[in-house]
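Enquirer: Structural data only, the sequence is not supplied:
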């Protein structure tokens, strides 16, 4: 599959600070790639490198097979988390302005945002604004779409509909790069790239990132006491409904609880993506 | 129900923000209200803490000084340092020297904010600000902790730390009500209320909501939407058949909580 955007061993330093360090990233046509990382991990800088908004200090970056140029950027669509709409313009004016900037001044307002044509962007509910921003970013039929937390704040149905559109975009021969903190969004991606401290530290499908990691699921009549005990002992423990999920071997957890006279059933279950992510990006706590 | 909302109707300006919503909250486990922007989540919490007057229904809450509340966009003084925020809050609640010192030390330890003790609130990262705001709401050991979207926009590492802080309060017997737009966070709850357009589309424990999924759910590949009640799940489609009969070629699957939430929303739409 054709490579749309690529960073090879790319680094970017700002004075003494290294924001991105030897990162590799590929986005091919027809795929949705998720870029994950805590705040300050280097995601935004890496995207700015890919789009040619910043030159790399080291390594190479390619956009559509050549170093990023203004011309290549015309083939990219971008929806920031803040949506990038002009609050004081109507939906139709937002559309016309962006379409004109990309040289499509006569493009008609698409059907899905037509109902709000005459309304100011700032007056619309956030979910609707997001739909408008998305349509505007797609106005020039970009081959590479870059989305920052595309469904944040959208209800379950709106989220399902937006992902249908993102998938539809990928299906009609575009590549999509999604940066997100939202594990539901991450699980919608074909591949994930995880960054920490400027480096790519894991990559693959959600299942490959989880890589068989497990947590101990604890059910105990005195759940609150079990939580306090495990928490005070420095384990990473999270409440899940009636159960506790602990990032530690079941035997260790069982030993601790029984030593304190707590009767618990412990089951080893597959970690979810969020648990795996947190375990990958945080150094193990001292035992 | 110890605390919470019973069949509450409430307006925000001219719009009906809550159309008869019940949100039970007690110390037996966390209550999570999940929904998108404009669903009515903040109004729910506003009614719960007494900032929004309901038009109908019953509200159960402890005395005002037994509540810890963090709104979605504030909860700390950005022009005070971390330490000054703690001192100011402790003074406001009239906490004794000994009590405040012990509690503040515990909050500093749990939030990892000790290193930033003398930093201005405005100079903290988003995740640290949220942790401090939750910490301040816990300083007077409230009976009811009410948090409006504490984890929105917060990265997963800080999010796990925030949930640890919230869960620890719950484990010490504090009743907790939290709103979120992240469906997967609802799995932490003992009770979930799925809110959309001011109505509860589903409520109960995550297991209850999962067990209440009507009809059948399946999966199928392809680029065309297979039925009107279908949505994307990664590269494949999820199909919901309300009457339980999946179309040919759709492979049945056991729905998960994410499916259950979308189905509840679809069912709400069908019923409208």
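Expert: Done, it's in. All of these numbers come straight from a predicted model, not from anything done at the bench. Numbering: from 1, shown residues only, chains lettered A, B, ... in the order given.

Enquirer: so where do the helices sit in the stretch 1-150 of chain A?
Expert: Taking DSSP state H, counting those that start in this stretch, the helices of the stretch 1-150 of chain A run over residues A:43-50, A:70-73, A:91-101, A:126-137.

Enquirer: Report the distance from stretch A:83-90 to the chain centre.
Expert: Put simply, stretch A:83-90 sits 24 Å off its chain's centre (C-alpha atoms, centre = their mean, to the nearest Å).

Enquirer: same deal with stretch B:185-195?
Expert: How far stretch B:185-195 lies from its chain's middle: 7 Å, per C-alpha atoms, centre = their mean.

Enquirer: Just the closest residue of the stretch 51-200 of chain A to chain B, please.
Expert: Ranking the residues of the stretch 51-200 of chain A by distance to chain B (C-beta to the nearest C-beta) places residue A:155 first, at 2.8 Å. (C-beta placed from N, C-alpha, C; glycine too.)

Enquirer: Could you find the closest non-adjacent residue to that residue?
Expert: Take residue A:155 and drop its neighbours on the chain: the residue closest to it by C-beta to C-beta, 6 or more residues apart in numbering or on different chains is residue B:36, 2.8 Å away.

Enquirer: In contact with that neighbour, which residues?
Expert: A:126, A:127, A:153, A:154, A:155, A:156, A:158, A:159, B:181, B:196 (C-beta atoms under 8 Å, 6 or more residues apart in numbering or on different chains).

Enquirer: please redo it, this time with the cut-off set to 7 Å
Expert: Neighbouring residues of residue B:36 by C-beta atoms under 7 Å, 6 or more residues apart in numbering or on different chains: A:127, A:153, A:154, A:155, A:158, B:181.

Enquirer: and the second one, helix, strand or coil?
Expert: For residue A:153, the assignment made with DSSP: H, G, I helix; E, B strand; the rest coil gives coil.

Enquirer: what's the neighbour count on the closest residue to it other than its chain neighbours?
Expert: Nearest residue to residue A:153, sequence neighbours excluded (C-beta to C-beta, 6+ apart): residue B:37, at 4.3 Å. Applying other C-beta atoms under 10 Å in any protein chain shown, we find 20 residues neighbouring residue B:37.

Enquirer: one step back: okay, the contacts of residue B:36 in a markdown table with distance to residue B:153 next?
Expert: Below are these laid out as a markdown table (distance: C-beta to C-beta, whole Å):
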| residue | distance to residue B:153 |
| --- | --- |
| A:127 | 16 |
| A:153 | 9 |
| A:154 | 14 |
| A:155 | 17 |
| A:158 | 18 |
| B:181 | 10 |
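
Enquirer: so the residue nearest the centre of chain B, which of the three states?
Expert: With distances taken as C-alpha atoms, centre = their mean, residue B:179 lies nearest the centre of chain B, 2.0 Å away. Reduced to three states with three-state DSSP, the structure at residue B:179 is strand.

Enquirer: Wait, it touches residue B:40, no?
Expert: No - with contact defined as C-beta atoms under 7 Å, residue B:179 does not count as touching residue B:40 (9.7 Å).

Enquirer: what sits opposite residue A:202 in the beta ladder?
Expert: Taking DSSP bridges, one obtains residue A:194 as the residues bridged to residue A:202.

Enquirer: about what we covered before: need the winner for burial among the helices of the stretch 1-150 of chain A.
Expert: When the helices of the stretch 1-150 of chain A are scored by mean count of other C-beta atoms under 10 Å in any protein chain shown, the highest mean neighbour count falls to helix A:43-50 (a mean of 24).

Enquirer: any idea how far the residue nearest to the centre of chain B is from residue B:41?
Expert: According to C-beta to C-beta, to the nearest Å, residue B:179 stands 4 Å off from residue B:41.

Enquirer: Now do the shared contacts for the two.
Expert: Common neighbours of residue B:179 and residue B:41 are listed as residue B:33 (criterion: C-beta under 7 Å, 6+ apart).

Enquirer: neighbours around the residue lying closest to residue A:11 once chain neighbours are set aside, how many?
Expert: What sits nearest to residue A:11 in space, not counting adjacent residues and going by C-beta to C-beta, 6+ apart, is residue A:58, at 4.1 Å. Burial of residue A:58 is recorded as 13 neighbouring residues (other C-beta under 10 Å).

Enquirer: Let me know whether residue A:58 touches residue A:8 as I believe.
Expert: No - counting by C-beta under 7 Å, residue A:58 sits too far from residue A:8 to count as a contact (10.2 Å).

Enquirer: Report the contact partners of residue 218.
Expert: With no chain named, the answer covers chain A. With contact set as C-beta under 7 Å, 6+ apart, residue A:218 has these partners: A:226, A:243, A:244, A:246, A:253, A:264, A:266.

Enquirer: hmm, I had chain B in mind actually
Expert: Residue B:218 touches B:239, B:246, B:250, B:251, B:252, B:253, counting by C-beta under 7 Å, 6+ apart.

Enquirer: ok, of those, which come out buried?
Expert: Listed as buried from the contacts of residue B:218 are B:239, B:246, B:250; burial here means 16 or more other C-beta atoms under 10 Å in any protein chain shown.

Enquirer: just those residues now: which is nearest residue B:151?
Expert: residue B:239 (31.1 Å; C-beta to C-beta).
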